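Colleague: Fold the following and give me the result.
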Amino acid sequence: MRANQEIITEYMQSQRSFVWIAYLSIPDIHHTIKASFIDWEKLGSQLPNKLNLILDTYPNFTLLETFIHEDLDFIEETFGIPKTYIWDDYNQNYRHFMMFFKDGEFIKHSIEECFCLDTLFENVSNIIPELLEPTSVG
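Modeller: Now for the predicted structure:
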């Protein structure tokens, strides 16, 4: 879901577990930088968007997306992550990343990790373990 600072604050205050992805706006994207998982098809990819398939399979999974440039001050002031830490000198742009929240509390970010489904699932299994629990358990 496309979010903003108010929605993210509301999710935190309601003590929900969720993932927030901060990504580059479409005009900022070039071939070496990945775009939003949700906007994958809009960029011309012929591959199915795996994240949309996951969201359809797990309706209790909450994923919020924003553009980095809209939330730099909020990220720095609220979570103590400096803008300079998010900046990628090599690509001369900001890094896209995920932030993970358990019961409304900020747990970690993925700035130095792969921006990929492996990172997403590894961290989601820590904040919402029941989401990925096999159906034969319980």
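Colleague: And stretch 72-91, what's buried?
Modeller: Neighbour-count burial for stretch 72-91, counted by 16 or more other C-beta atoms under 10 Å, picks out Leu72, Ile75, Ile81, Ile86. For every residue, glycine as well, the C-beta is placed using N, CA and C.
Colleague: Identify the residue nearest the second one in space, chain neighbours excluded?
Modeller: So the one you mean is Ile75. Ile81 (5.3 Å; C-beta to C-beta, 6 or more residues apart in numbering).
Colleague: The spatially most central residue of the chain and Asn123, how far apart?
Modeller: Centroid-nearest residue in the chain: Ile21, 2.0 Å away (criterion: C-alpha atoms, centre = their mean). According to C-beta to C-beta, to the nearest Å, Ile21 and Asn123 sit 11 Å apart.
Colleague: same question, Arg95
Modeller: The value you get for Arg95 to Asn123, if C-beta to C-beta is used, is 16 Å.
Colleague: tell me the strands in the chain, going along the chain?
Modeller: Assigned by DSSP state E, the chain shows strands spanning 18-23, 63-67, 87-88, 93-94, 97-102, 105-109.
Colleague: From the chain's centroid, how far away is the last one?
Modeller: Centroid separation between strand 105-109 and its chain, computed with C-alpha atoms, centre = their mean, to the nearest Å, is 11 Å.
Colleague: quick one: average pLDDT of that strand?
Modeller: What strand 105-109 shows for mean pLDDT is 95.
Colleague: Give the buried residues for it.
Modeller: His109.
Colleague: Return the residue spatially closest to Thr62, with its sequence-adjacent residues excluded.
Modeller: Phe18 (3.9 Å).
Colleague: how far does stretch 4-23 stretch from start to finish?
Modeller: 13 Å (C-alpha to C-alpha, to the nearest Å).
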